[in-house]
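Asks: here you go, sequence then predicted model.
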Amino acid sequence: MSEDYGEGRVLPIWIGSEEATSILIAVSGTSAPRPLSHDLMTTLLKKLDTRLERVVVTRIEQGTFYAEIGLSGPAGAPVIDARPSDAIALAVRTGAPVFVVDEVLDEAGIPDSAVAMPSDEDDVDDEQKLNEFKRFLDDVDPEDFQG
């Protein structure tokens, strides 16, 4: 797993609406009226003096992605199996980096040019970005991401 190996590619992972909402809330810097499950997990990590060091998408089997979260704290440095959506939701909240094993990117990655998202440098507002992403989702078929 090299740091810049997959540059120029993205890894589309299908996730549930609840996880997507949780990730969107964290990315936008807002908060829910009550803590979401991922907020609770983040609070538990802090209270246990444990850090989420990294998330790694480790494999894909029959179209299903698998991930691990690496922790560090008083109990050592355990690695815990997790759904990628949950792991990413935690990573966004804690600032932990997200990695993908080269073999997974080889199998399921697509060129970033295939995702017509405007760059951050473009002077496009968030609603336009969201509409473009929705159009991408309308046109994509889950079978496109199976190995």
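Replies: That came through, no problem. Residues are numbered from 1 along each chain as shown.
Asks: buried stuff in the host helix or strand of Leu52?
Replies: Per DSSP states H and E, Leu52 falls inside strand 51-61. Within strand 51-61, the residues scored as buried using 16 or more other Cβ atoms under 10 Å are Arg51, Leu52, Glu53, Arg54, Val55, Val56, Val57, Thr58, Ile60. Any C-beta I mention is one placed from the backbone N, CA and C, and that applies to glycine too.
Asks: could you measure from the fifth one over to Asp81?
Replies: Put plainly, it is Val55. 12 Å (Cβ to Cβ, to the nearest Å).
Asks: what sits in contact with each of those two?
Replies: Residues touching both Val55 and Asp81 (Cβ atoms under 8 Å, 6 or more residues apart in numbering) are Ala67, Glu68.
Asks: could you say which helix or strand contains the most centrally placed residue in the chain?
Replies: Centre of the chain computed as the mean C-alpha position; nearest residue by Cα atoms, centre = their mean is Ile88, 3.7 Å away. Secondary structure from DSSP H and E places Ile88 in helix 84-94.
Asks: in its sheet, what does the helix or strand following the strand holding Leu52 sit against?
Replies: Counting by DSSP H and E, the element after strand 51-61 in chain order, helix or strand, is strand 64-72. Partners of strand 64-72 in the sheet, by DSSP bridges, are strand 51-61 (antiparallel), strand 79-82 (antiparallel).
Asks: can you redo those as CSV with distance to Asp139 and mean pLDDT?
Replies: Below are those laid out as CSV (distance: least, Cβ to Cβ, whole Å; pLDDT from 0 to 100):
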stretch, distance to Asp139, mean pLDDT
strand 51-61, 22, 97
strand 79-82, 29, 96
